[in-house]
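Chemist: got a structure for you, letters missing:
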């Protein structure tokens with residue numbers, strides 16, 4: 001089982017690192033992200049989380065330097081949603097994997 005508090009703490013750590021990451025690093029392709037940039041991976045994670053919650057509009061692509069804020073807001077909303085029902089363990093695990101992937105590259 002995924003511990004919601006552990007996932008929240010991991011999200012906070014990744015967002016903290018993203019806030020101090022230079023723009024050049026955020027937009028550079030990374031082989032550990034299958035050639036995507038960190039900013040692209042953040043957007044993908046945010047879009048995934050929004051789609052799991054049934055958000056009907058697309059997640060906007062923000063400036064790369066706003067990646068931490070986007071991940072923090074969308075991630076916090078997602079974790080509130082996922083924690084509200086016992087049948088969302090799979091979604092919580094999917095989010096944990098996305099955060100771990102970002103943790104490795106930040």
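Modeler: Great, that's in hand. All values derive from a computational prediction rather than experimental measurement.

Chemist: how about the contacts made by residue 39?
Modeler: Counting by CB atoms under 8 Å, 6 or more residues apart in numbering, residue 39 makes contact with 26-27, 64, 67. The C-beta positions use only the backbone N, C-alpha and C, and glycine is treated the same way.

Chemist: in the one helix or strand it maps to, what's buried?
Modeler: Here residue 39, judged by DSSP states H and E, is contained in helix 38-52. If you call a residue buried by 16 or more other CB atoms under 10 Å, then helix 38-52 has these buried ones: 38-50, 52.

Chemist: ok, residue 51 to residue 88 distance?
Modeler: 14 Å (CB to CB, to the nearest Å).

Chemist: so for the closest residue in space to residue 78 that isn't next to it in sequence, what's the pLDDT?
Modeler: Using CB to CB, 6 or more residues apart in numbering and skipping the chain neighbours, the partner closest in space to residue 78 is residue 49 (3.8 Å). We have a pLDDT of 97 for residue 49.

Chemist: so who does residue 49 touch?
Modeler: Counted by CB under 8 Å, 6+ apart, residue 49 has contacts 74-75, 77-78, 95.

Chemist: what's the answer for residue 59, then?
Modeler: 43, 46-47, 50, 70, 74.

Chemist: mind running it again at 10 Å?
Modeler: Counting by CB atoms under 10 Å, 6 or more residues apart in numbering, residue 59 makes contact with 43-51, 70, 74.

Chemist: could I get those as CSV with distance to residue 106?
Modeler: Listed next are those as CSV, based on distance: CB to CB, whole Å:
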residue, distance to residue 106
43, 15
44, 15
45, 12
46, 15
47, 19
48, 18
49, 18
50, 21
51, 23
70, 14
74, 17
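
Chemist: most widely separated two among those?
Modeler: Using CB to CB, the contacts of residue 59 reach their maximum pairwise distance at 51 and 70, which is 14.8 Å.

Chemist: confidence score at the nearest residue to residue 47 once chain neighbours are set aside?
Modeler: Among residues not flanking residue 47 along the chain, residue 59 sits closest, at 4.4 Å (CB to CB, 6+ apart). Per-residue pLDDT puts residue 59 at 95.
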